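Q: Build me a model from this:
(2 chains)
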Amino acid sequence: QLEHGCAPPTAARAGLSSASPRDVPAERPRGVFHTSESDPAKHTEQHEGRLYNIPLEEVKAVFPHGLPYRFQQQIQTFNEARLMVRRPALELLACLKGSSLAQPAVRYVIYGERGTGKTMTLCHVVHYCSRQGWLLLHVPDAHLWVKNCRELLQSSYNKDRLDQPLQASVWLKNFKTSNERFLGEIKTQKKYTWGKRESTEEGRPLGEVVEQGLARVRSASDAVGVLLRELKQQSHRGSFRLLVAVDGVNALWGRTTLRKEDKSPVSPGELTLVHNLRKMLRNDWSGGAIVTTLSQTGSLFKPSSAYTPHELLGKEGFDALDPFVPIPVANYSPREFESCYGYYLERKWLQHEKAHTEDGKAELQFLSGSNPRQLDRLAGPL
Amino acid sequence: MAAPSAAGLGRRLRAWLPRIMPVRWSRYNPSYLEPEVKKESYQKPLEELTEEEREQSELKAVRPIKAAPPTLSSSVFSDPMISKFTNMMMKSGNKVLARSLMSQTLEAIKRKQLEKYHKAPENEKETIECNPYIIFHQALKNCQPIIGLSNITRGGKTYQVPVPLTDNRKRFLAMKWLITECRENKHRRTMMPEKLSQELLLAFNNEGPVIKKKHVLHKMAEANRAYAHFRWW
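A: Numbering: from 1, shown residues only, chains lettered A, B, ... in the order given. Model (predicted):
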């Protein structure tokens, strides 16, 4: 799909007119709630409530992990990836555009009730940064690192910590897919010894560290640690900008459901992956940004009504993340609801004959409470 | 009879679709009226009502109203066949699970059909049916047997006699066969919605094991035609 320049200056601001930017003339014009502006850098308030398309090749390259499962199913059914441009994402993008390289990394925490679109906002920001050429350090769900781990190895680097080879290797594989070109450019600054016979010299490209982690699964967690350390040290130079995107950041400071062999509980600080990620989330480095999301859905030992940063992060987490920019995400506004409903109708997702009527629409709005997840769940069987 | 309290309401009272089916037994005082859930009936202004409706609305002001059963819904999306099917799928009263399985099934049917629709060339697009409700109703209609067998004992021997079936019995048999087929003949790891959606799509196209079972029943009835005169009703 061709990328257009910014919207023609004569397009109406209110957005409900049909003068939305058109596709290449060969395609028939889509509805009012679509926009052909697929570069997030050019999204403004004019595009608020509209859906923009991400080409499928880009989806595979930028999001090997990170998109919610229902959204992935939707991409497969509709054969396209459409993301809604919403106000919290626009605010975040404006902050990112205005931030400078020399300042220490600013931390953003996206919070909100369940199902309001926090992960999708994060994905929007990740897409923007990938278009701008940033290095993406995207952790799709930090909760996966603190629960349901089959193999816990004692770390060879530090006797007190525990390694998670499977989770680390899966993450390394996805990191490699999304950041191919940086792995050749960035060089290591220290010699790292992986075992008796394996080591990485100084000045070798980072791709070798990743390969080492994938080949020797036992040292995958240490490879992740090395990767994070190198990136943090080299980001201030300015040759690349680093985005640390963590979904479900409250997992890093909560409790885990893992146990050591003597059945004593493991605290998150004892896991290598979590320890290294926590170091990454400190704002003592410059040349990038840290965007995180709170999530109650996968969290452990937290009540289901908790959604504010203080409740979900706890005292320890809040102090660790302390100077951060909070970004609340709310349910759909009436305009966004119309947009989503119109998209479902256009893609023939709402098949029930009553769903096309005003009564059906009112009922959907009432039953879902304009909550994006509930609307998606309700529209499924209809 | 005393006015029904919460306990006297009778937990076994299953007033399913009170308009179509008569209630089997009811502990309500006959003065109790049925609840009215349709929105349209409340939106009519007073002048448009006929004589009986005016009397009815005056009666509603003085008579008590029965409690609405949980199956009665004022939603525009409610469908009595789907509710009946969900009830038959339910085990140990777990309606939440049954209903979620049903909605996942409908969604699975819709996804499969939409994928086929988007991949098909332009001229074939009209033939592909994407509405899961139409598929469900058509599949059930295709599975309904026309004639059934009943056991009649004459002179010590039991004969399988072909007998006409009522509409309710046909619907029940179709749903029962579908559910038993999906419960028994599937791999341990296959989820119910996936198997059900598969069976419904096959039945929609008049293929599959349930249609075969219906044909077997029809053949048995045809074979036992000689005993048809044993029937006395």
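
Q: what does chain B have sitting close to chain A?
A: Within reach of chain A by CB under 8 Å from any CB of the partner chain, chain B has these residues: B:39, B:75-77, B:102-104, B:106-107, B:110-111, B:114-115, B:117-118, B:130-133. Just so you know, the C-beta spots here come from the backbone N, C-alpha and C atoms, and that holds for glycine as well.

Q: Show the buried residues in those residues.
A: B:76-77, B:102-104, B:106-107, B:110-111, B:114, B:117-118, B:130-133 (16 or more other CB atoms under 10 Å in any protein chain shown).

Q: Quick one: neighbours of residue 184, just the number.
A: No chain in the question, so chain A it is. As a burial measure, A:G184 scores 11 neighbours (other CB atoms under 10 Å in any protein chain shown).

Q: actually it's chain B I care about, not the one you picked
A: For B:E184, using other CB under 10 Å, the count is 7.

Q: So what's the residue count around B:A120?
A: The number of residues packed near B:A120 is 13, by other CB under 10 Å.

Q: So which residues of chain B form strands?
A: According to DSSP state E, chain B carries its strands in the segments B:147-154, B:157-164.

Q: And the contacts of the last one?
A: Outside of strand B:157-164, the residues within contact range by CB atoms under 8 Å, 6 or more residues apart in numbering or on different chains are B:147-153, B:220-222, B:224-225, B:227-228, B:230-231.

Q: Tell me the one among those residues nearest to A:G117.
A: Distance to A:G117, by CB to CB, is smallest for B:G148 among the contacts of strand B:157-164, at 53.4 Å.

Q: Contacts only, for the closest one.
A: Residues near B:G148 by CB under 8 Å, 6+ apart: B:162-165, B:169, B:173, B:217, B:221.

Q: which of these count as buried?
A: B:162-163, B:165, B:173, B:217, B:221.

Q: between those residues, which is nearest chain A?
A: Of all the buried ones among the contacts of B:G148, chain A sits closest to B:L173, with 25.0 Å by CB to the nearest CB.

Q: Identify the residue spatially nearest to the closest one, adjacent ones excluded.
A: Closest residue in space to B:L173, ignoring its immediate chain neighbours: B:P145 at 6.0 Å, by CB to CB, 6 or more residues apart in numbering or on different chains.

Q: Do I have it right that B:K60 meets B:P35?
A: No. Counting by CB atoms under 8 Å, B:K60 stays clear of B:P35, with 9.9 Å between them.

Q: tally of neighbours for residue 152?
A: Let's take chain A. For A:L152, using other CB under 10 Å, the count is 17.

Q: Switch to chain B, please.
A: Residues near B:I152, counting by other CB under 10 Å: 15.

Q: Okay, and the beta partners of it?
A: Beta-bridge partners recorded for B:I152 (DSSP bridges): B:Y159.

Q: Near chain B, which residues of chain A are found?
A: By CB under 8 Å from any CB, the residues of chain A that approach chain B are A:73, A:76-79, A:348-349, A:351-355, A:357, A:359-360, A:363, A:380-382.

Q: List the strands paired with the helix or strand A:V109 falls within, with their directions.
A: Assigning secondary structure by DSSP states H and E places A:V109 in strand A:106-112. Strands adjacent to strand A:106-112 in the sheet, as given by DSSP bridges, are strand A:288-293 (parallel), strand A:324-329 (parallel).

Q: winner for burial among these?
A: Mean neighbour counts were compared across the strands paired with strand A:106-112 using mean count of other CB atoms under 10 Å in any protein chain shown; the top stretch is strand A:288-293, at a mean of 26.

Q: Quick check: which helices or strands does the first helix or strand past that one going along the chain pack against?
A: Next along the chain after strand A:288-293, taking DSSP H and E as the criterion, comes helix A:309-320. Packing contacts for helix A:309-320, counted by 3 or more CB pairs under 8 Å, 6 or more residues apart in numbering or on different chains; DSSP states H and E, involve strand A:106-112.

Q: Let me see the residues that make contact with whatever helix or strand comes next after the strand it packs on.
A: Downstream of strand A:106-112, the first helix or strand assigned by DSSP H and E is helix A:118-131. With CB under 8 Å, 6+ apart as the test, helix A:118-131 has contacts from A:39-41, A:54, A:58, A:61-63, A:66-68, A:71, A:83-86, A:88-89, A:92-93, A:96, A:110-112, A:136, A:138, A:178, A:241, A:243, A:245, A:247, A:291, A:293-295, A:327, A:329, A:372.

Q: chain center to helix A:118-131, what's the gap?
A: Distance of helix A:118-131 from its chain centroid, counting by CA atoms, centre = their mean, to the nearest Å, is 6 Å.

Q: got the CA coordinates for it in CSV?
A: Extracted in CSV, the C-alpha atoms of helix A:118-131 (Å, rounded to 0.1, in the frame of the first residue of the first chain):
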residue,chain,number,x,y,z
LYS,A,118,-3.9,-0.5,26.7
THR,A,119,-2.1,-3.2,24.8
MET,A,120,-3.4,-1.8,21.5
THR,A,121,-2.1,1.6,22.4
LEU,A,122,1.3,0.1,23.2
CYS,A,123,1.2,-1.6,19.8
HIS,A,124,0.4,1.7,18.1
VAL,A,125,3.4,3.3,19.7
VAL,A,126,5.7,0.3,18.8
HIS,A,127,4.6,0.6,15.2
TYR,A,128,5.4,4.4,15.2
CYS,A,129,8.8,3.7,16.6
SER,A,130,9.5,1.0,14.1
ARG,A,131,8.6,3.4,11.3
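
Q: OK, contacts around B:L106?
A: Counting by CB under 8 Å, 6+ apart, B:L106 makes contact with A:380-382, B:132-133, B:136.

Q: from the residues you listed, which two are the most distant?
A: A:G380 and B:F136 (14.8 Å).

Q: Among those two, which residue is more densely surrounded?
A: Neighbour count, other CB under 10 Å: between A:G380 and B:F136, B:F136 has more, with 24 against 20.

Q: If we ignore the residues flanking it in sequence, what's nearest that one?
A: Nearest non-adjacent residue to B:F136, counting by CB to CB, 6+ apart: B:L200, 6.1 Å away.

Q: okay, now that neighbour: neighbour count?
A: Per other CB under 10 Å, the neighbour tally for B:L200 reads 24.

Q: and the gap between it and B:T127?
A: Distance from B:L200 to B:T127, counting by CB to CB, to the nearest Å: 18 Å.

Q: same deal with B:G93?
A: Between B:G93 and B:T127 the computed distance is 41 Å (CB to CB).

Q: Next, count neighbours for the closest residue to B:T153 other than its chain neighbours.
A: Setting aside the residues directly before and after it, B:T153 is nearest to B:Y159 in space (CB to CB, 6+ apart), at 7.7 Å. As a burial measure, B:Y159 scores 15 neighbours (other CB under 10 Å).
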